[in-house]
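A.B. asks: sequence and predicted model, in that order:
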Amino acid sequence: MNPDNTYPNPDTSTPLLEIHEASVMRGEKLILDRFSLRLAMGQHTAILGPNGSGKSTLIRLIARQIYPLARRDGAPVIRVFGRDRWSVSELRSLIGIVSPAVQLDYTSDSALEVFDTVVSGFFAARGIGLDHEVTASMRERAHEALDLMEASPLIGREMASLSTGEARRVLIARALVHRPRALLLDEPCAGLDPASRRRFLETLRQLARHGTTLLLVTHHVEEILPEIDHVLLLRDGRLLQEGDKASVLTDNALTATFAMPTRIGRHGDYYSATVE
């Protein structure tokens, strides 16, 4: 891999993601049960469901961190940008991934500095090694990503010293150095206070407006951005409902998803959910 170059962007007519009857086991437990999904490029999507519904497993499946059970007919279970075979480093140049697990990995080591963390995204590494040659172009793009995430003032700080929201901005900047076509965000607002969460969501809105397809995994209706109009409801590894936001975010659908009486409200461009 040449870290100073991105891979060619796929044809925008090619689906971002196609999953056909994916099943994933963890030990003896079925985590995803014959799960199917098709997402177009530019189709900002929220995946909503309770803890244990299979949301994070789906993200790991897309990211090639885990693999589905093989189908009996041998047909591909998952295609990303129209292809079923990817090297992880190649795929990461097109899809950025940010999750609490990734954040823990980067904030548990006090030696990692913010700018080095972002630049290391070109090498799929944790920090800059002696064998890594950082070019002027890579530095420029790292600064651009940090500016976009309003994280440039954090340069010089150690990752372990950052607040949850600050670290998340840095890690999204790291994912953005490749100028990916899509971002997979697994519970991106976990650990943020209400004010930090709203500021962070506004930053994500800017990314959506600038052409980055967002795939947001959450169990909070309040985090579904106005730019997201496609919503999936998961429960027990199965897709309960899929469609546009207005038709999916209903009292009955959310009650079935969370197994508790739930009432949906709306505040401006955002939705909310109240358990009764």
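C.D. replies: Great, that's in hand. Numbering: from 1, shown residues only.
A.B. asks: residues in contact with the spatially closest residue to residue 231 that is not a sequence neighbour?
C.D. replies: Distances taken as C-beta to C-beta, 6 or more residues apart in numbering place residue 248 nearest to residue 231, at 4.3 Å, with adjacent residues excluded. Yep, even glycine has a C-beta here, placed from its N, CA and C like the rest. For residue 248, the contacting residues are 231, 232, 233, 241, 242, by C-beta atoms under 8 Å, 6 or more residues apart in numbering.
A.B. asks: again, only using 7 Å
C.D. replies: By C-beta atoms under 7 Å, 6 or more residues apart in numbering, the contact list for residue 248 reads 231, 233, 241, 242.
A.B. asks: now for the closest residue to residue 69 other than its chain neighbours, how many residues are close by?
C.D. replies: Take residue 69 and drop its neighbours on the chain: the residue closest to it by C-beta to C-beta, 6+ apart is residue 23, 4.7 Å away. Residues contacting residue 23 under the criterion other C-beta atoms under 10 Å number 16.
A.B. asks: list of residues touching whichever strand or helix holds residue 23?
C.D. replies: Using DSSP states H and E, residue 23 maps to strand 17-26. Strand 17-26 is contacted by residues 30-39, 57, 61-62, 66, 68-69, 71, 77-80 when judged by C-beta under 7 Å, 6+ apart.
A.B. asks: picking that back up, quick check, nearest of the contacts of residue 248 to residue 267?
C.D. replies: Using C-beta to C-beta, residue 231 is the member of those that lies nearest residue 267, at 17.1 Å.
A.B. asks: wait, a strand at that closest one?
C.D. replies: Yes - according to DSSP: H, G, I helix; E, B strand; the rest coil, residue 231 belongs to a strand.
A.B. asks: wait, it touches residue 48, no?
C.D. replies: Yes - in this structure, residue 231 is within contact of residue 48 by C-beta atoms under 7 Å, at 6.2 Å.
A.B. asks: compare those two (neighbour count), which wins?
C.D. replies: residue 48 (28 against 23).
A.B. asks: show me what contacts that one?
C.D. replies: 218, 219, 221, 231, 232, 233, 257.
A.B. asks: how about the helices in the stretch 1-150 of the chain?
C.D. replies: 55-62, 88-92, 100-107, 114-119, 136-148 (DSSP state H, counting those that start in this stretch).
A.B. asks: quick one: mean pLDDT for the shortest one?
C.D. replies: So the one you mean is helix 88-92. Average pLDDT, helix 88-92: 75.
A.B. asks: quick one on the thing from earlier: residue 262: which of the contacts of residue 248 is nearest?
C.D. replies: Once C-beta to C-beta is applied, the member of the contacts of residue 248 that ends up nearest residue 262 is residue 233, at 11.3 Å.
A.B. asks: could you check how far that closest one is from residue 201?
C.D. replies: According to C-beta to C-beta, to the nearest Å, residue 233 stands 20 Å off from residue 201.
A.B. asks: residue 134: neighbour count?
C.D. replies: 17.
A.B. asks: burial of the closest residue to it other than its chain neighbours, as a residue count?
C.D. replies: Distances taken as C-beta to C-beta, 6+ apart put residue 119 closest to residue 134, at 5.6 Å, once the chain neighbours are dropped. Residues near residue 119, counting by other C-beta under 10 Å, number 25.
A.B. asks: repeat for residue 116
C.D. replies: Counted with other C-beta under 10 Å, the neighbours of residue 116 add up to 19.
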